[in-house]
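Participant: Turn this into a structure:
(one chain, ligands or ions: 1)
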Amino acid sequence: MAAERKCPICGKPSVEAFKPFCSKRCADVDLNRWLTGSYVIPARDDEPAAEGDNVVPDYDEDDNI
Ligand SMILES: [Zn+2]
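Facilitator: Numbering: from 1, shown residues only. Below is the predicted model of the structure:
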């Protein structure tokens, strides 16, 4: 009973020819990560969200009525 392996890059079922990856592309991605020395779990969007989009500009108009 062979356990189904999944591609460590994208999680799709692995392909025999590219074990343990699903495609050459994912194998290249993995290789490239090792080569660049930054083998980390891919983060989601790690950038802090810009806050203050709804901030109303604090005008100091000189409005004499
Ligand atoms: Zn993959």
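Participant: Flag every buried residue along stretch 20-28.
Facilitator: Buried residues in stretch 20-28, defined by neighbour count with 16 or more other Cβ atoms under 10 Å: 21-23, 26-27. The C-beta positions use only the backbone N, C-alpha and C, and glycine is treated the same way.
Participant: Identify the spatial nearest neighbour of residue 7, chain neighbours not counted.
Facilitator: residue 22 (3.8 Å; Cβ to Cβ, 6 or more residues apart in numbering).
Participant: which residues touch the one you found?
Facilitator: Neighbouring residues of residue 22 by Cβ atoms under 8 Å, 6 or more residues apart in numbering: 6-7, 9-10, 12-15.
Participant: can you map out the helices along the protein?
Facilitator: 24-36 (DSSP state H).
Participant: Hmm, residue 23 is touching residue 15, no?
Facilitator: Yes - using Cβ atoms under 8 Å, residue 23 is in contact with residue 15, at 6.5 Å.
Participant: And for residue 64, the neighbour number?
Facilitator: 4 (other Cβ atoms under 10 Å).
Participant: any idea how far residue 58 is from it?
Facilitator: For residue 64, the distance to residue 58 equals 19 Å [Cβ to Cβ, to the nearest Å].
Participant: before we move on, what about residue 8?
Facilitator: Counting by Cβ to Cβ, the gap from residue 8 to residue 58 is 51 Å.
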